[in-house]
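> Kindly generate the corresponding structure for this input.
(one chain, ligands or ions: 1)
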Amino acid sequence: MRAIVQSSYGAPEDVLALTEIEPPIPKDDEVLVRVRATSVNTPDWATIIGQPYLLRGQMGLRCPRRPVRGTDVAGIVEAVGSAVSEFRSGDPVFGAGLDDARVGTFAELTAVPAQRLILKPAALSFEDAAACVMSGLTALDAVRVAEVGPGTRMLVNGAAGGVGTFALRMAKRLGAEVTGVCGTRNVNFLRELGADHVVDYTREEFVAGDARYDVVLDNVLNHSPAKTVRVLAPRGILVPNGMGISGGWFSGLPRMAHAALLGVLRTDVRWARCRVTRENLGELATLIVGGLGVVTDRVFPLEEAAAAVAHMLGHHARGKVVLAMAPSARSA
Ligand SMILES: NC(=O)c1ccc[n+]([C@@H]2O[C@H](COP(=O)([O-])OP(=O)(O)OC[C@H]3O[C@@H](n4cnc5c(N)ncnc54)[C@H](OP(=O)(O)O)[C@@H]3O)[C@@H](O)[C@H]2O)c1
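I've put the predicted structure just below:
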């Protein structure tokens, strides 16, 4: 089968190549999925450039321990392990593999634990199903852990990105008053998505404003958490999310540690996680089909995975970046 194989760390176009490899053999509790679409997430580009360097021990010192990236998947069941009874060959499914999968989802076939898949509703396209998993489940967890509800004043930093576009729209559906932070190009876009207020970070810093929020979901970590918590209302909740975009030796790790320390000392800090369970996947699918939708920036063919990753590495993707199989590869 064909897969996008990573040879070392560096620029996507230098280290990713479409290569013929052996397909994975599913374990007893796994499902072999013929991939129709997958999407690019932060862990993918971070492992491709090999940053933060501090995590190289975990990723693999000189090259990644596992050469095929990708976790989100939507596709057709090809075969099932001996202990899997819920799916059969031909079922359309979606979900996510594991970060340490032997073969990730940037491939024609991938093996995924059955517990991390559900049947794909017919009303959900393969592209949207693949786009929603990691970002949508993280956003779902964020609005849950922060107890977002009617009247909650919520600020989403990085509102135009993969997690942000889901979080903004989920919070609006829960009745929150949402402020989105983005660059000039996305001001009208966020208004169209339903943001009540938009802060253009090229003109003003939200951390310097007078507005106060019950919840701040920070997907960018471009400000010190000590500054960010100043815009929280009394009993406000900070949800720091992710590694930030700085790269280098530590990327967002010091800011995450700083936020954790503030959580111990004086601030209500809660952590969002991408919890891939069947229940959560089902809830996400219902939300999306029920009108939430998916914001996709661009769909690239698998062969152009390097360009797709590079596009995301620019840190200005609007919603999700998707990789889809060309029709000829679907039954190859
Ligand atoms: N907890 C988990 O399990 C989990 C799961 C998935 C992701 N994450 C984390 O979530 C974070 C966001 O991921 P993502 O997939 O949403 O990223 P993304 O799609 O790459 O985010 C891109 C967006 O970031 C915005 N942005 C760039 N610089 C900004 C700035 N200075 N201020 C405000 N917005 C800015 C851009 O908007 P403009 O073009 O308008 O600048 C763009 O729309 C990452 O750090 C990731 O590690 C965590």
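> who touches the residue positioned nearest the centre of the chain in this structure?
Nearest to the geometric centre of the chain sits residue 135, at 3.2 Å (CA atoms, centre = their mean). Neighbouring residues of residue 135 by CB atoms under 8 Å, 6 or more residues apart in numbering: 39, 41, 161, 162, 163, 165, 166, 320. Every residue, glycine included, has its C-beta placed from N, CA and C.
> Following the chain onward from the helix or strand harbouring it, which element is next?
When secondary structure is defined using DSSP states H and E, the element that contains residue 135 is helix 126-145. Once helix 126-145 ends, the next helix or strand along the chain (criterion: DSSP H and E) is strand 153-157.
> Which residues of the protein lie near the ligand?
Neighbours of the ligand within the chain, by CB under 6 Å from any ligand atom: 41-42, 134-135, 138, 157-158, 160-164, 181-183, 185-186, 201, 219-220, 222, 241-244, 272-274, 312, 315-318.
> Mind checking what secondary structure the residue in the stretch 201-332 of the chain positioned nearest to the ligand has?
With CB to the nearest ligand atom as the measure, residue 242 is the residue of the stretch 201-332 of the chain nearest to the ligand, at 2.2 Å. Under the three-state scheme (DSSP: H, G, I helix; E, B strand; the rest coil), residue 242 adopts coil.
> Need the pLDDT of the nearest residue to residue 38 once chain neighbours are set aside.
Nearest residue to residue 38, sequence neighbours excluded (CB to CB, 6 or more residues apart in numbering): residue 105, at 4.0 Å. Looking at residue 105, its pLDDT is 97.
> measure residue 105 to residue 114 for me?
Here residue 105 is placed at a distance of 15 Å from residue 114 (CB to CB, to the nearest Å).
> Likewise for residue 299?
From residue 299 to residue 114 the distance is 27 Å (CB to CB).
> okay, these two: which has more neighbours?
A direct count of neighbours by other CB atoms under 10 Å for residue 299 and residue 114 places residue 114 higher, at 23 against 17.
> Tell me the confidence at the closest residue to the more buried one other than its chain neighbours?
In space, and not counting its chain neighbours, residue 114 is closest to residue 84: 4.5 Å by CB to CB, 6+ apart. At residue 84, the predicted lDDT confidence score is 98.
> which residues touch residue 84?
Neighbour list for residue 84: 28, 29, 30, 31, 114 [criterion: CB under 8 Å, 6+ apart].
> any idea how far the last one is from residue 172?
Counting by CB to CB, the gap between residue 114 and residue 172 amounts to 34 Å.
> One more: the third one?
Relative to residue 172, residue 30 is positioned 37 Å away (criterion: CB to CB).
> Surely residue 110 and residue 21 touch.
No: applying CB atoms under 8 Å as the test, residue 110 and residue 21 come out as separate, 11.5 Å apart.
> joint contacts of those two?
Counting by CB under 8 Å, 6+ apart, the shared contacts of residue 110 and residue 21 are residue 103.
> Who has more neighbours out of these two?
Neighbours were counted for residue 110 and for residue 21 using other CB under 10 Å; residue 110 has more, 30 against 16.
> Helix, strand, or coil at the more buried one?
strand.
> Retrieve the pLDDT associated with it.
Note for residue 110: predicted pLDDT of 97.
> what about residue 30 and residue 172, which has more around it?
residue 30 (25 against 18).
> Pull the distance from stretch 223-237 to the chain's centre.
Counting by CA atoms, centre = their mean, to the nearest Å, stretch 223-237 is centred 24 Å from the centre of its parent chain.
> If you could redo that for stretch 47-62, that was the one I meant.
Using CA atoms, centre = their mean, the mean C-alpha position of stretch 47-62 is found 19 Å from that of the whole chain.
> how far does that stretch stretch from start to finish?
Counting by CA to CA, to the nearest Å, you get 11 Å between the two ends of stretch 47-62.
> what do you get for stretch 217-237?
Using CA to CA, the distance between the terminal residues of stretch 217-237 is 9 Å.
> Can you give me the buried ones in that stretch?
Under the neighbour-count criterion of 16 or more other CB atoms under 10 Å, stretch 217-237 has 217-223, 225, 228-229, 231-232, 236-237 buried.
> Next step: these restricted to helices.
225, 228 (DSSP state H).
> from the buried residues of stretch 217-237, which is closest to residue 286?
Proximity of these to residue 286 (CB to CB) peaks at residue 217, which lies at 21.8 Å.
> quick one, what contacts the residue lying closest to the residue nearest to the centre of the chain once chain neighbours are set aside?
Counting by CB to CB, 6+ apart, residue 162 is the residue found nearest to residue 135 once chain neighbours are left out, at 3.7 Å. By CB under 8 Å, 6+ apart, residue 162 lies in contact with 39, 41, 131, 134, 135, 317, 319, 320, 321.
> quick one on the thing from earlier: in strands, which of the residues of the chain next to the ligand fall?
Among the residues of the chain next to the ligand, the ones falling in strands (DSSP state E) are 157, 181, 182.
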